[in-house]
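In: let me see the structure of the following:
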Amino acid sequence: MRSLKFSVGAALMGCALLAQAAGNATEGQEKAAACGGCHGEDGNGAAPIFPKLAGQHPSYIYKQLMDFKTQKRVEPTMNAMAEPLSEDDMQDIAAFYATQKPTSESGAINARGKNLYLAGNAASGVPACSGCHSPAGSGNPQAVFPKLHGQYSAYVEKTLNDFKAGERGNDMNAMMRSVAAKLSEAEISAVAEYVSTLNH
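Out: Sure thing, here's the model as predicted:
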């Protein structure tokens, strides 16, 4: 029963965010100009410590901008960038980045990371990442789970470590904090490296 309630709740929240994130991509391109310094003009920023936004679900980008604006997600630079944005601004920016084509990173497939991503680690209670983010890393826009394929490994690793340390806490029902807490540093590095080489 608890899982059913969770699924219904996640679906309702996802539908609400999808409705909110129906922005204007053309207007969003102009509004996103200030974002290009870190995230690149097309959402494929060159610095691996910043996330790629190209092709990301608009519902997810909208949620993160709203969380930065309300400081539910704390990061001083992004808090300051999001603070003056209206809901329409956030919807438009999200729509623009969603229309951009993401790039994938090259490199050998990390076998340990692949196994963790697709099967988890039963011994330590780590579920498969693919359960929420899909086997191909395409995420789930209805549940507001982000696309991961092609994301910089350095950013994914930082994000997992932030969840593990409790430094990031805007995940629904502490799902990511719970998973990351069970991952070792080596596992985090391996799965981050694997995610970066997933093709879309």
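
In: who's in contact with the residue nearest to the spatial centre of the chain?
Out: Computing the C-alpha centroid of the chain and ranking residues by Cα atoms, centre = their mean puts P146 first, at 4.1 Å. Counting by Cβ atoms under 8 Å, 6 or more residues apart in numbering, P146 makes contact with 56-57, 60, 133, 139. Glycine gets a C-beta too; all of them are placed from N, C-alpha and C.

In: and these as CSV, adding distance to I49 and secondary structure?
Out: Listed next are these as CSV, based on distance: Cβ to Cβ, whole Å; DSSP: H, G, I helix; E, B strand; the rest coil:
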residue, distance to I49, secondary structure
Q56, 17, coil
H57, 22, coil
Y60, 19, helix
H133, 21, helix
G139, 21, coil
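
In: farthest-separated two in these?
Out: Q56 and H133 (12.2 Å; Cβ to Cβ).

In: what mean pLDDT does the helix or strand harbouring R177 get?
Out: Using DSSP states H and E, the element containing R177 is helix 175-181. Mean per-residue pLDDT for helix 175-181: 98.

In: how far away is G23 from L85?
Out: Separation of G23 from L85 (Cβ to Cβ, to the nearest Å): 11 Å.

In: ok, G45 next?
Out: From G45 to L85 the distance is 19 Å (Cβ to Cβ).

In: and these two? Which one has more around it.
Out: G45 (21 against 17; other Cβ atoms under 10 Å).

In: any idea how the protein splits into domains?
Out: As assigned by automatic domain parsing, the chain contains the domains 2-98, 111-196.

In: of the contacts of P146, closest to V195?
Out: The shortest approach to V195 among the contacts of P146 belongs to H133, at 8.3 Å (Cβ to Cβ).
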